[in-house]
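J.: sequence plus the predicted model coming up.
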Amino acid sequence: MLREEVVLVDKEDNETGVAEKLEAHRQGSLHRAFSVMVWDTRGRLLLQRRQIDKYHSGGLWTNTCCGHPRPGETSVQAAARRLNEEMNIICPLAAIGTFTYRAELDSDLIEHEFVHVFRGIYDGIVAPNPIECDGYSWSSPDVIRRQIAAVPQAFSAWFRKYVEAEWPIAPPG
């Protein structure tokens, strides 16, 4: 098994080192991450249901794609790579900002991430990788807000934080 590393950062996103991914999540170390929000031209966000056997947050609904850049990889390169690996989507991505959060998860893990958020527009076929994703749904921001209000436990901690902040859950335009 290949050792997966994350890039540790300070609160301004300056690199401070690297750590093994699972260990960074056990310790709650601040590290660089990315989230991708893919919209269609009808103003719907593509959500994915995380594969049930993921090391955390399995079976939960979340944004289109998320992950961690490898050491030496830019956030946009990592976002494009993982979007293709997870959802079989290739589309231009635009940086729309950053978001820092900390959340305690299942399995005694802690997400503490400095997240680079990207937006894409895509109207093609969605063919998720079943190793990564158990399902997908195109949903409007209003429907997403109502679903999270009704069953918050069905959504990932980070996605709930994005929606609570009312950012970046808005269609392009």
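T.: Received, thanks.
J.: for the host helix or strand of Arg119, packing partners?
T.: Using DSSP states H and E, Arg119 maps to strand 110-121. When contacts are defined as 3 or more Cβ pairs under 8 Å, 6 or more residues apart in numbering; DSSP states H and E, strand 110-121 sits against helix 21-27, strand 31-39, helix 75-87, strand 93-104, helix 157-164. Every C-beta, even on glycine, is put in place using the N, C-alpha and C of the backbone.
J.: which other helices and strands contact the host helix or strand of Ile144?
T.: For Ile144, the host element (DSSP H and E) is helix 141-150. Helix 141-150 makes packing contacts with strand 45-50, helix 157-164 when contacts are defined by 3+ Cβ pairs under 8 Å, 6+ apart.
J.: can we see that at 6 Å?
T.: Packing partners of helix 141-150 (3 or more Cβ pairs under 6 Å, 6 or more residues apart in numbering; DSSP states H and E): none among the helices and strands.
J.: pairing partners for the residue most central in space within the chain in the sheet, please.
T.: In the chain, the residue lying closest to the centroid (Cα atoms, centre = their mean) is Cys66, at 2.6 Å. Cys66 forms beta bridges with Ser35, as assigned by DSSP bridges.
J.: and it, what pLDDT?
T.: You'll see Cys66 listed with a pLDDT of 95.
J.: no more questions from me, cheers.
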